[in-house]
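Chemist: I would like to see how this sequence folds:
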Amino acid sequence: MTRRAAEEQYLLDLARLRRVRDRIDREYAQPLDVEALARGVHMSAGHLSREFKRAYGESPYSYLMTRRIERAMSLLRRGDLSVTEVCFTVGCSSLGTFSTRFTELVGMPPSEYRLREADATDGMPTVVSKYVTRPVRNREAPARNRN
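Modeler: As a prediction, this is how the structure comes out:
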């Protein structure tokens with residue numbers, strides 16, 4: 001493969017990875033798995049996972065879960081849905097997995113977050129509240145001391 005052909009293939013792969021990321025952003029609440037995402041862009045699941053992580057710093061599954069947790073944070077701040085309802089609304093099928101991942105990213109369980117953050121973004125412009133409340137990516141939230 002020539003250098004030019006390799007560069008063209010790399011650009012084509014990046015475009016396909018963007019399509020996968022955009023699909024996750026749009027369809028985060030749908031049942032998505034790496035195999036289905038890979039089929040949608042004519043890649044193998046392993047190749048998609050490796051290239052996605054190389055391009056975006058995390059696996060497609062991790063990116064999907066982060067997206068779901070971001071949406072869950074917003075729903076929990078509203079306060080009109082239970083943690084279980086939020087879990088299923090954002091596309092998670094296991095309350096245990098949802099709670100564990102939420103706690104890893106946010107630093108507290110969803111029920112505690114719901115109580116503490118209910119009024120945290122009142123009066124804030126949406127763009128600011130999205131930035132301020134975005135979960136930590138590519139690393140876990142720092143451990144908190146339990147008093």
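Chemist: Domain map for this structure?
Modeler: Residue ranges for each domain of the chain read 3-60, 62-133, as given by automatic domain parsing.
Chemist: Deepest-packed of the ones you listed, please.
Modeler: Of those, the one with the most neighbours on average (mean count of other Cβ atoms under 10 Å) is domain 62-133, at a mean of 16. The way it works is simple: take the backbone N, C-alpha and C, and place the C-beta from them, glycine included.
Chemist: for the record, mean pLDDT for that domain?
Modeler: Domain 62-133 shows a mean pLDDT of 87.
Chemist: so where does Ser111 fall, helix or strand?
Modeler: Element membership for Ser111 (DSSP states H and E) is helix 110-117.
Chemist: which strands and helices sit next to the helix or strand hosting Arg54?
Modeler: Element membership for Arg54, per DSSP H and E: helix 45-56. In this structure, helix 45-56 makes packing contacts with helix 3-27, helix 34-40, helix 60-78, judged by 3 or more Cβ pairs under 8 Å, 6 or more residues apart in numbering; DSSP states H and E.
Chemist: Just the C-alphas of it, formatted as CSV.
Modeler: The C-alpha coordinates for helix 45-56 follow below in CSV (Å, rounded to 0.1, in the frame of the first residue of the first chain):
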residue,chain,number,x,y,z
ALA,A,45,-16.0,-5.0,16.0
GLY,A,46,-12.4,-5.4,17.0
HIS,A,47,-11.1,-3.0,14.4
LEU,A,48,-13.8,-0.5,15.3
SER,A,49,-12.9,-0.7,19.0
ARG,A,50,-9.2,-0.3,18.5
GLU,A,51,-9.6,2.6,16.1
PHE,A,52,-12.3,4.4,18.1
LYS,A,53,-10.1,4.2,21.2
ARG,A,54,-7.1,5.5,19.3
ALA,A,55,-9.1,8.4,17.8
TYR,A,56,-11.2,9.3,20.9
